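1. Here is my input, please return the structure:
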Amino acid sequence: MAKLTPNPRMQFFDASGVPLSGGRIETFASGTSTPLATYTDGTGTVANPVVITLDARGEASVWLANAFYRLVVYDAAGALIYSADDIGGESAASELWGGVAGGTANAITFTTVPRTNAHETGQTVKFIALADNTGPVTISPNGLPVKNMTTIGGAALSAGAIKSGAIVYTTYDGTQYQLLSLYLGVGANNAVGVSQATTSTATSSTVTLGTTLRHLLTGTTTITAFAGTTGATYKCRADGAFILTYHATNLIITQTLANITTVAGDTFDVYMITDTTARVTNYVRSSGAPVKFSTSAENIAGTIATQSVSPLGIREAFNCTGTAPVYACRAWLNYNGVANTITTSGNVTSVTDNGVGIYTVNFATALPDGNYCPVYCLRRNSATNTGAVLGGASYSSSPTTTAFQFYCSNLTPAAEDMLGVYLAFFR
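-> Sure, this is the predicted structure:
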């Protein structure tokens, strides 16, 4: 967009409005009597004298640095015309544009618009990076003395913190330029300025993840540790086969609590507990298969809670062999009919005593339908009858999804409360 041109030369007048021919101007830092230089043109390379003498038209070329001034104007005879304070050039807190940087990847130079003639505390400059940095970086805008560029925490930049073609924002803190933003992420000393572009990183016994959040891990070397920034989470993808070595403290692999051998395309997260201890989470095989199935012995023992179980493993857990289907017990009961108490049970909330030898089992969670198979065994309260004890099935109502009613009798036959009622329901 078009802009109004600034007055290229300052002109001053006396009290009558006549150009202040031969007058003079003195410039000081705002609020002080400390002389502060102005410049003859916009490059800011040639300073005016401390006392500037106006020409016959009362004019002079006065260009201000990025600071605030106090100006004192006198006539040719030295009489004070006026004094003005807080006259500002570009604010020290303004943003300056440096365009495409020059210099090298680690020693950056550029010329700003508008031009700055000093490193001003609080001033932000932005520029387009010439190349990826390969180590610590220095910066020199407008040919000013070289300053270090650091993370927000003041640490030297790691390789890859600045990416070629990225717009870099950096602010002078009075000593150095702090890198404000490049890519979102968390780097050393809590710096913002971390690349999320995927970087190829060779496997080694200790893989250094640094300030790059995404890594393609190449090679076949066994990994026993990661190094990175405390609190950072890194996204990793395997380029081939290598071993992640489980360690209870230094390299915790939460899904297996054991080593993992990768295949190409596997992905996982590395969360840095400290700079040198890590937790591997969210491991996903490229095939979509579980990370690790439990072994036959583990299935039978039933002691492993961190691994996936295959369909065969389910059979092994139930100690089932062959190919016949396996059906589940949906509810079971161990009940004392004499005392009317449940000794122990599964998916049973209560037993209703409907009279001598007549009971209703109430299910905690409804069964799919009433076509289940109850399997039972009874124990008599008296040992005088040594014959078999039989139990009747449903007494007066059909089985339902929420309850099952049955009765018990001795060999007389006569209804009898049983000392032990053992029931299992299959469907």
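
2. list the contacts for the closest residue to Ile252 other than its chain neighbours?
-> Excluding its sequence neighbours, the residue lying closest to Ile252 (Cβ to Cβ, 6 or more residues apart in numbering) is Arg279, at 4.6 Å. The C-beta positions use only the backbone N, C-alpha and C, and glycine is treated the same way. Arg279 makes contact with Ile252, Thr254, Val270, Tyr271, Ile273, according to Cβ atoms under 8 Å, 6 or more residues apart in numbering.

3. And Ile260, how far from Thr276?
-> As judged by Cβ to Cβ, to the nearest Å, Ile260 and Thr276 stand 20 Å apart.

4. thought Gln255 was touching Tyr283?
-> Yes. Assessed by Cβ atoms under 8 Å, Gln255 is found in contact with Tyr283 at 5.3 Å.

5. picking up where we left off before, would you convert the contacts of Arg279 into TSV that also reports distance to Thr34, pLDDT and secondary structure?
-> Shown next, in TSV, are these (distance: Cβ to Cβ, whole Å; pLDDT from 0 to 100; DSSP: H, G, I helix; E, B strand; the rest coil):
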residue	distance to Thr34	pLDDT	secondary structure
Ile252	61	93	strand
Thr254	63	85	coil
Val270	55	94	strand
Tyr271	54	93	strand
Ile273	53	90	coil
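
6. Comparing Gln255 and Tyr283, which residue is more hemmed in?
-> Using other Cβ atoms under 10 Å as the criterion, Gln255 and Tyr283 rank with Tyr283 on top: 21 against 18.

7. Direction included, what does whichever helix or strand that one is part of pair up with?
-> Tyr283 is part of strand 278-284 when elements are defined by DSSP states H and E. Applying DSSP bridges to the sheet, strand 278-284 is found paired with strand 251-253 (parallel), strand 267-272 (antiparallel).

8. Figure out which of the ones you listed is closest to Ala166.
-> Distance to Ala166, taken as Cβ to Cβ, is lowest for strand 267-272 among the strands paired with strand 278-284, at 24.4 Å.

9. Now that closest one: buried residues?
-> Residues Phe268, Val270, Tyr271, Met272 are the ones in strand 267-272 that count as buried (16 or more other Cβ atoms under 10 Å).

10. sorry, back to before: would JSON lines of the strands paired with strand 278-284 with distance to Gly44 be doable?
-> Shown next, in JSON lines, are the strands paired with strand 278-284 (distance: least, Cβ to Cβ, whole Å):
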{"stretch": "strand 251-253", "distance to Gly44": "55"}
{"stretch": "strand 267-272", "distance to Gly44": "46"}
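
11. could you list every residue that touches Phe12?
-> So Phe12 contacts Pro19, Leu20, Gly23, Ile25, Leu54, Gly58, Glu59, Val73, Ile81 (Cβ under 8 Å, 6+ apart).

12. So the residue nearest to Ile252 versus Ala79, what's the distance?
-> 78 Å.

13. likewise Asp55?
-> On the measure of Cβ to Cβ, Asp55 and Ala79 end up 19 Å apart.

14. same thing with Ile167?
-> Separation of Ile167 from Ala79 (Cβ to Cβ) stands at 52 Å.

15. next SSE after the worst-scoring helix or strand of the chain on mean pLDDT?
-> Lowest by mean pLDDT, DSSP states H and E among the helices and strands of the chain is strand 390-391, with a mean of 47. Under the assignment DSSP H and E, the closest C-terminal helix or strand after strand 390-391 is strand 403-409.

16. Show me what that following strand is packed against.
-> Other helices and strands packing on strand 403-409, by 3 or more Cβ pairs under 8 Å, 6 or more residues apart in numbering; DSSP states H and E, are strand 358-363, strand 373-379, strand 390-391, strand 420-426.

17. any low-confidence regions in the stretch 251-400 of the chain?
-> 290-313, 315-317, 382-397 (pLDDT under 70).

18. ends of stretch 404-421, how far apart?
-> One end of stretch 404-421 to the other measures 13 Å (Cα to Cα, to the nearest Å).

19. pretty sure Ile314 is in a helix, no?
-> Yes. The assignment for Ile314, made by DSSP: H, G, I helix; E, B strand; the rest coil, places it in a helix.

20. pretty sure it contacts Val326?
-> Yes. In terms of Cβ under 8 Å, Ile314 counts as a neighbour of Val326; the distance is 7.3 Å.

21. thinking again about what came up before, between all of the contacts of Phe12, which two are separated the most?
-> Spatially, the most separated pair among those is Glu59 and Ile81, at 14.8 Å (Cβ to Cβ).

22. what about stretch 42-52, average pLDDT?
-> Regarding stretch 42-52, the rounded mean pLDDT is 85.

23. With only the CA atoms kept, save that stretch in PDB.
-> Extracted in PDB, the C-alpha atoms of stretch 42-52 (Å, rounded to 0.1, in the frame of the first residue of the first chain):
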ATOM      1  CA  GLY A  42      18.700   6.700   6.700                       C
ATOM      2  CA  THR A  43      21.700   4.400   6.600                       C
ATOM      3  CA  GLY A  44      22.600   5.500  10.100                       C
ATOM      4  CA  THR A  45      26.300   5.300   9.300                       C
ATOM      5  CA  VAL A  46      27.400   9.000   9.400                       C
ATOM      6  CA  ALA A  47      26.500  10.800  12.700                       C
ATOM      7  CA  ASN A  48      25.700  14.500  12.800                       C
ATOM      8  CA  PRO A  49      27.700  16.700  15.100                       C
ATOM      9  CA  VAL A  50      26.400  16.900  18.700                       C
ATOM     10  CA  VAL A  51      25.400  20.500  17.900                       C
ATOM     11  CA  ILE A  52      23.700  20.700  14.500                       C
END
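
24. quick one: the residue lying closest to Leu130 once chain neighbours are set aside from Ala107, how far?
-> Leaving aside its chain neighbours, Leu130 sits nearest to Ala101 (4.6 Å; criterion: Cβ to Cβ, 6+ apart). Distance, Ala101 to Ala107, by Cβ to Cβ: 10 Å.

25. From the recorded domain assignment, give the ranges for this structure.
-> 10-88, 95-190, 198-284, 329-426 (automatic domain parsing).

26. Make a markdown table out of these and add distance to Phe318.
-> Converted to a markdown table, these look like this (distance: least, Cβ to Cβ, whole Å):
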| stretch | distance to Phe318 |
| --- | --- |
| domain 10-88 | 79 |
| domain 95-190 | 48 |
| domain 198-284 | 24 |
| domain 329-426 | 10 |
